[in-house]
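Student: coordinates only, no sequence provided:
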């Protein structure tokens, strides 16, 4: 694959996971009713347990991909995702559905690890950040369209149709991979699957402050996305009574992340990952303070919420691919294992952060706003120490500003 097809493939690979989260949002109420979920906040576990499986699975696939190559691991796990989706469609109880969702997450974890590793096999530094940004720009169209697509599927049948659709899309990506994907990791660069090599890779990834630190930063900002996604249906439908407009309003907020990724792909090679991401973090803090002021003054409306949410998602979108590129930069020679470890940190950390905010939902937007403020402040402090108390400057040679 070259050029546009390669970027489209990486975006499709990432979209398997995005659809696994967003496609079913319009159906959460129907699932809760049919499966006897008494407490509304418990419906969020349909999203949360998927992300837990997604995070845990990433620890496995990186070392396997570094040993056996990217392609065979991807083919096996995509086939597993198809099977897990069919299992979810046939679930008759809430625990059975949660079990199927964990299995889906475990299988889809490979898409995140291998997408980053395949890109890192070919690119590094700002070029890697730009490639990931273009792919994420396409990828972010999925959250925009997914709830609407889920609503269309519900018009033709029960919520189980959604899981059959997930199986169909994963089967399509599986066929694309089998027919067009060429192995990106040469045999000469593969590492043996041994305790010693794993220990060395884990030590390098977890002790390098850029690798581990920016993975934690990514987990915190991604936690903001999880919090929004898991509570979006309750906020838009239950709090603001916008049930018939839910998919459109959700799309508006998700669209802002797509715009942020597009802007980042255009600017990152000129401005650098640090300037863009650190500015975005400060922007998130300022927006959260203003949003809290509006809420505490009793002036929060559907319009103000959408405005602040979209702008906050823009700031988060400007952090994601840049944090990922900076975390991967010093560990490119063990990209598969490093991507696994960083992905585990990012995903599980995001679940913890997002669940804490989402489960605090009390019928208002206050928990989300205070959560975003805490995320912004936490990330800024962490970046300050990662960068040795100096912000807005390039550190590595690959980050040096262009003349």
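Tutor: Sure, I can see it. Since the structure is predicted, the reported quantities are computational estimates derived from the model, not experimental observations. Residues are numbered from 1 along each chain as shown.
Student: buried residues, stretch 64-76. List them.
Tutor: Neighbour-count burial for stretch 64-76, counted by 16 or more other CB atoms under 10 Å, picks out 64-71, 73-74. Backbone N, C-alpha and C define where each C-beta goes, glycine included.
Student: let me redo that: stretch 34-49
Tutor: Across stretch 34-49, burial judged by 16+ other CB under 10 Å covers 35, 37, 43-49.
Student: between those, which is nearest residue 317?
Tutor: Nearest to residue 317, judged by CB to CB, of those is residue 47 at 19.4 Å.
Student: wait, the closest one sits on residue 23?
Tutor: No: using CB atoms under 8 Å as the test, residue 47 is too far from residue 23 to be in contact (11.1 Å).
Student: so where's the chain shaky on pLDDT?
Tutor: 124-125, 129, 133-141, 143, 394-403 (pLDDT under 70).
Student: by contact count, what packs against the longest helix seen in it?
Tutor: Identified as the longest helix of the chain according to DSSP state H is helix 94-122. For helix 94-122, the elements it packs on are helix 3-22, helix 28-35, helix 45-68, helix 70-89, helix 125-139, helix 302-328, helix 335-359, judged by 3 or more CB pairs under 8 Å, 6 or more residues apart in numbering; DSSP states H and E.
Student: switch to 7 Å and redo it
Tutor: helix 3-22, helix 45-68, helix 70-89, helix 125-139, helix 302-328, helix 335-359 (3 or more CB pairs under 7 Å, 6 or more residues apart in numbering; DSSP states H and E).
Student: now distance to residue 224 too, for those helices, in CSV please.
Tutor: Output for the helices and strands packed on helix 94-122, formatted as CSV (distance: least, CB to CB, whole Å):
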stretch, distance to residue 224
helix 3-22, 14
helix 45-68, 13
helix 70-89, 26
helix 125-139, 16
helix 302-328, 5
helix 335-359, 7
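Student: which of the ones you listed sits closest to residue 117?
Tutor: Among those, helix 335-359 comes nearest to residue 117, with 4.6 Å by CB to CB.
Student: buried stuff in that closest one?
Tutor: 335-355, 357-359.
Student: that one packs against which elements?
Tutor: helix 45-68, helix 94-122, helix 195-207, helix 209-233, helix 302-328, helix 366-386.
Student: that one to helix 94-122, inter-axis angle?
Tutor: For helix 335-359 against helix 94-122, the angle by axes from the mean of the first three to the mean of the last three CA atoms, to 10 degrees is 140 degrees.
Student: chain center to helix 335-359, what's the gap?
Tutor: How far helix 335-359 lies from its chain's middle: 9 Å, per CA atoms, centre = their mean, to the nearest Å.
Student: and residue 257, which of the helices and strands packed on helix 335-359 is closest to it?
Tutor: Closest approach to residue 257 among the helices and strands packed on helix 335-359 (CB to CB): helix 302-328, 3.8 Å.
Student: out of the helices and strands packed on helix 94-122, which gets nearest to residue 277?
Tutor: Of the helices and strands packed on helix 94-122, nearest to residue 277 by CB to CB is helix 302-328, at 4.1 Å.
Student: packing partners for that closest one?
Tutor: Partner elements for helix 302-328 (3+ CB pairs under 7 Å, 6+ apart): helix 94-122, helix 125-139, helix 209-233, helix 246-271, helix 273-296, helix 335-359.
Student: export these to a markdown table and tack on distance to residue 373?
Tutor: Shown next, in a markdown table, are those (distance: least, CB to CB, whole Å):
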| stretch | distance to residue 373 |
| --- | --- |
| helix 94-122 | 27 |
| helix 125-139 | 25 |
| helix 209-233 | 10 |
| helix 246-271 | 18 |
| helix 273-296 | 4 |
| helix 335-359 | 11 |
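Student: residue 376 is nearest to which of those?
Tutor: Closest approach to residue 376 among these (CB to CB): helix 273-296, 3.8 Å.
Student: just want the angle from that closest one to helix 246-271.
Tutor: 150 degrees.
Student: show me what counts as buried in helix 273-296.
Tutor: 273-281, 283-285, 287-288, 291-292, 294-295.
Student: for stretch 238-258, same thing?
Tutor: Within stretch 238-258, judged by 16+ other CB under 10 Å, the buried ones are 239-240, 242, 246-247, 249-251, 253-258.
Student: same thing with stretch 8-18?
Tutor: Neighbour counts over stretch 8-18 (16+ other CB under 10 Å) mark 9-18 as buried.
Student: of all these, which comes closest to residue 365?
Tutor: Comparing those against residue 365 with CB to CB places residue 18 closest, at 23.7 Å.
Student: so the closest residue to the closest one other than its chain neighbours, which of the three states?
Tutor: Nearest non-adjacent residue to residue 18, counting by CB to CB, 6 or more residues apart in numbering: residue 142, 4.2 Å away. For residue 142, the secondary structure call by DSSP: H, G, I helix; E, B strand; the rest coil comes out as helix.
Student: surely residue 142 is in contact with residue 17?
Tutor: No: contact criterion CB atoms under 7 Å: residue 142 and residue 17 do not qualify, at 9.2 Å.
Student: out of the buried residues of stretch 34-49, which comes closest to residue 199?
Tutor: residue 49 (30.0 Å).
Student: what about the closest one, distance to residue 83?
Tutor: Distance, residue 49 to residue 83, by CB to CB, to the nearest Å: 17 Å.
Student: and residue 1, how far from residue 184?
Tutor: Distance, residue 1 to residue 184, by CB to CB: 10 Å.
Student: oh, I was asking about residue 257
Tutor: Relative to residue 184, and taking CB to CB, residue 257 is found at 27 Å.
Student: what of residue 318?
Tutor: For residue 318, the distance to residue 184 (CB to CB) stands at 27 Å.
Student: of those two, who's got more company?
Tutor: Legend: neighbour count by other CB atoms under 10 Å for residue 318 and residue 184, higher for residue 318 (29 against 20).
Student: got a list of what the closest residue to the more buried one other than its chain neighbours touches?
Tutor: The spatially closest residue to residue 318, leaving aside those adjacent along the chain, is residue 280, at 3.7 Å (CB to CB, 6+ apart). By CB atoms under 7 Å, 6 or more residues apart in numbering, the residues touching residue 280 are 315, 318-319.
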